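Student: This is the structure alone, sequence omitted:
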């Protein structure tokens, strides 16, 4: 972090050193320079100490140096406009170089502003990025779990219907069987019949045949229906037990993934929020110093232009520079609020397969349960179902 490091390198050092070196070389060539003018130019040229402009500690020092340079330039311009002093061509070249240095500082400040804004943006984005722990796969598992729950519930609903159908069908068969008795003709059937009774015997056999054929067809049909209903019900029980197992395994997988994801997210988010707070604090310090530097540099640039206009226009140019208002809105940093937390609610998996609360909520309270109770529950392998008072319950199926 360039802004947060007190040991960061100088952002404008090279440009400032070049002006300082040029000024020293110029002074070595100028033999007759007024003492007060030389002092002002020396102050303008002593910019090597601005090297810490980009650090938190050095921002204030840098802006103070530029303020001193601005004061010196203001005094020099005032003296020249009033006629107290006059610049040689060499000295004008030095002032022009200083102006170029200020333009370079301006460009550097814009660049630093962009870097700091990026730093602030990245701090916000890092908080948002914590949601990566709540992966799409977790949501996919949640959808699969919901789908398997619905499939299991649908199966149990059908199982309950088949169970009632089996009871109804087999009850008809059982009732018909219990009500079956020999017809009256069978009671009249003569035993050890005599020849004169053979005709009555044949009539009785015919009546018994008609009766037995009808009864056979009825009971056989009812039996077949009962057996078929029993088989369909038994097959559905097996299918529903398989669906139940798949649902419970999916729920356990979802619970494991969700709790792990939320744990990672809840560790990541506070850490990144703390980082954002530090970044904001550091950048705000640098932002204030940067705007002060920018203001001073813009005024120096303006004052340097005073020497480039005619003597008649110099007073107006000086007044304009003295009264100028430097807008620093382009250097404003946009600080972001903490992004809202992502949805990572573990409440949906606080109860889990095989504890009584879960069984009651997911199975025993359902309309289908009375006619289609669940089979043995599959507990989550990564959970001690007895921990914290939880009770593992295996639900038996009805004994049909």
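Tutor: Ah, there it is. Computed from a predicted model, the values in this text were never measured in an experiment. Numbering: from 1, shown residues only.
Student: excluding its backbone neighbours, what's nearest the spatially most central residue of the chain?
Tutor: For the chain, residue 131 is the residue whose C-alpha lies nearest the centre (Cα atoms, centre = their mean; 2.5 Å). What sits nearest to residue 131 in space, not counting adjacent residues and going by Cβ to Cβ, 6 or more residues apart in numbering, is residue 342, at 4.1 Å. The C-beta positions use only the backbone N, C-alpha and C, and glycine is treated the same way.
Student: Around the one you found, how many other residues sit close by?
Tutor: For residue 342, the count of nearby residues is 16 (other Cβ atoms under 10 Å).
Student: what's the answer for residue 105, then?
Tutor: Residues lying near residue 105 (other Cβ under 10 Å) number 26.
Student: didn't it look like it was pressed against residue 290?
Tutor: No: counting by Cβ atoms under 8 Å, residue 290 is not a contact partner of residue 105; they are 10.2 Å apart.
Student: show me the contacts for the nearest residue to residue 346 once chain neighbours are set aside.
Tutor: Spatial nearest neighbour of residue 346, excluding adjacent residues (Cβ to Cβ, 6+ apart): residue 262 at 5.4 Å. By Cβ atoms under 8 Å, 6 or more residues apart in numbering, the contact list for residue 262 reads 133-134, 344-346.
Student: repeat for residue 361
Tutor: residue 351.
Student: try it again with 10 Å
Tutor: 351, 355 (Cβ atoms under 10 Å, 6 or more residues apart in numbering).
Student: and it, which of the three is it?
Tutor: Three-state call for residue 361 (DSSP: H, G, I helix; E, B strand; the rest coil): helix.
Student: Quickly note the distance from it to residue 112.
Tutor: Distance, residue 361 to residue 112, using Cβ to Cβ, to the nearest Å: 59 Å.
Student: And stretch 281-301, how far out from the chain middle?
Tutor: Centroid separation for stretch 281-301 versus its chain: 36 Å, with Cα atoms, centre = their mean, to the nearest Å.
Student: any idea of the mean pLDDT for stretch 343-363?
Tutor: For stretch 343-363, mean pLDDT rounds to 93.
Student: Buried residues, that stretch. List them.
Tutor: For stretch 343-363, a neighbour-count test (16 or more other Cβ atoms under 10 Å) marks 344, 349, 351-356, 358-359, 362-363 as buried.
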